[in-house]
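Engineer: The amino acid sequence is not available; the structure is as follows:
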């Protein structure tokens, strides 16, 4: 990966409890990373000054973030609608012009990628995926046009899954309301 990424680094590692604020710069943590997308539940924020001090972990749209600890290898692309963000304890991959970020995200979330990450975890008490391993990962890299065809197909399926997940949540809420109306009230 080090040959097809402009940079591979890690988000801020250190105590954070004192740095969180009510609103400000979005601060992503491992629990905010789901396969292919961000989970905004329990999103934390930091102020502008702290964000400026954490230049190394500042995120830009198109960066790929990968979970290090918890569910190692889970990845998503920082979306365009999040122009400024920062993160803690995530592997940050900044793709070069040779690799499509969503393709890279698909590799990590695939069975192959998950197996590759699982086979390279380090640590005794809590295993994690480190940037040294990420830099040395070997991948098959088709031409950019093929990568984009693959990601176009996979993203269409991913959009369908997301849409159906939203529908399921709405139906579950409706079911709960009907149950309450019929059996509780």
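Structural biologist: In hand now; what should we look at? What you are looking at is a predicted structure, and each value in this text was computed from that prediction instead of being measured.
Engineer: Could you give the separation of stretch 41-58 from the chain centroid?
Structural biologist: Distance, stretch centre to chain centre, for stretch 41-58: 16 Å (C-alpha atoms, centre = their mean, to the nearest Å).
Engineer: With stretch 2-20 instead?
Structural biologist: Between the centre of stretch 2-20 and the centre of its chain there are 12 Å (C-alpha atoms, centre = their mean).
Engineer: cool, stretch 128-137 as well?
Structural biologist: From the chain centre to the centre of stretch 128-137 is a distance of 16 Å (C-alpha atoms, centre = their mean).
Engineer: Can you check the distance spanned by that stretch, start to finish?
Structural biologist: Using C-alpha to C-alpha, to the nearest Å, the span of stretch 128-137 from its first residue to its last is 15 Å.
Engineer: switch to numbering from 5
Structural biologist: Right, with 5 as the first residue, what we last looked at is stretch 132-141.
Engineer: and it, average pLDDT?
Structural biologist: Stretch 132-141 comes out with an average pLDDT of 89.
Engineer: low-scoring stretches of this protein, by residue?
Structural biologist: The chain contains residues with pLDDT under 70 at 128-129.
Engineer: Tell me who's in contact with the nearest residue to residue 67 once chain neighbours are set aside.
Structural biologist: Of all residues beyond its chain neighbours, the one nearest residue 67 is residue 82 (4.6 Å), with distances taken as C-beta to C-beta, 6 or more residues apart in numbering. Any C-beta I mention is one placed from the backbone N, CA and C, and that applies to glycine too. Contacts for residue 82 (C-beta atoms under 8 Å, 6 or more residues apart in numbering) come out as 42, 63, 64, 65, 66, 67, 68, 69, 89.
Engineer: how far away is residue 82 from residue 22?
Structural biologist: The gap separating residue 82 from residue 22 is 25 Å, by C-beta to C-beta, to the nearest Å.
Engineer: Likewise for residue 184?
Structural biologist: From residue 184 across to residue 22, the span is 41 Å (C-beta to C-beta).
Engineer: So which of these two has more stuff around it?
Structural biologist: Using other C-beta atoms under 10 Å, the more surrounded residue of residue 184 and residue 22 is residue 184, with 10 against 6.
Engineer: Mind naming the longest helix for this protein?
Structural biologist: Counting residues, the longest helix in the chain under DSSP state H turns out to be helix 148-183.
Engineer: Please point out which parts of that one sit buried.
Structural biologist: 151, 154, 155, 158, 162 (16 or more other C-beta atoms under 10 Å).
Engineer: Determine how far that helix lies from the middle of the whole chain.
Structural biologist: Its chain's average C-alpha position is 17 Å from that of helix 148-183, according to C-alpha atoms, centre = their mean.
Engineer: From the contact counts, what lies against it?
Structural biologist: Secondary-structure packing of helix 148-183 (3 or more C-beta pairs under 8 Å, 6 or more residues apart in numbering; DSSP states H and E): helix 105-113.
Engineer: Could you point out the helix or strand that follows the helix it packs on?
Structural biologist: Sequence order places helix 115-122 as the next helix or strand after helix 105-113, per DSSP states H and E.
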